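Enquirer: just the structure for this:
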Amino acid sequence: MKALLLIAAVTAGALAVVAVSIIAGHDASTLVSPPDAVVEQFVRKLAAGRYEVARAHLADDSPAMRERIRMTSDGLRARAGGIEQVEGQPGAIDGDMATASALVTTRRAGNITMGFTLVRRAGSWRITSF
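Expert: Sure thing, here's the model as predicted:
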């Protein structure tokens, strides 16, 4: 019985250390999707022409940004032909700002790299420019 209590206490202590390090260290990718995952999801939605769903990843939901999404998506699909794969690639994280990129593998245009700048708002990463 003592061994079981000791195991429970050690486990609770380890979880407390992890929680404190995440909170005190202003974690940017453990409890939230990291910037490269956000970028990958966004580009997949652009590749599928799902403009309205892609807007959820943006920091700015202005009409101008909505039009930019549409133009980028249409241009990407016209240039690429068929999109075979999208892979998010990490960049730098500096406080509440980050960069990331997406490597888009296409049939017609080969590999296309798209760069993004993100900001962390309300605990999640949002795209500010692309």
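Enquirer: and the chain, what are its domain boundaries?
Expert: Domain assignment for the chain by automatic domain parsing gives 1-27, 32-129.
Enquirer: which of those domains has the lowest mean pLDDT?
Expert: Here the domains of the chain differ in mean pLDDT, and the lowest is domain 1-27 at a mean of 66.
Enquirer: the residue nearest in space to the middle of the chain sits in which helix or strand?
Expert: The C-alpha lying nearest the average C-alpha coordinate of the chain belongs to Val38 (C-alpha atoms, centre = their mean; 1.7 Å). Assigned by DSSP states H and E, Val38 belongs to helix 35-47.
Enquirer: buried ones in the helix or strand just after that helix?
Expert: Counting by DSSP H and E, the element after helix 35-47 in chain order, helix or strand, is helix 51-54. Neighbour counts over helix 51-54 (16 or more other C-beta atoms under 10 Å) mark 51, 54 as buried. The C-beta positions use only the backbone N, C-alpha and C, and glycine is treated the same way.
Enquirer: against Leu4, how distant is Glu87?
Expert: According to C-beta to C-beta, to the nearest Å, Glu87 stands 45 Å off from Leu4.
Enquirer: who has more neighbours out of the two?
Expert: A direct count of neighbours by other C-beta atoms under 10 Å for Glu87 and Leu4 places Glu87 higher, at 14 against 8.
Enquirer: quick one: residues in contact with the helix holding Val38.
Expert: Outside helix 35-47, the residues that touch it by C-beta atoms under 8 Å, 6 or more residues apart in numbering are 28-29, 33, 51, 53-54, 57, 69, 72-73, 76-77, 80, 83, 86-91, 93, 98-102, 104, 114, 116, 118, 124-127, 130.
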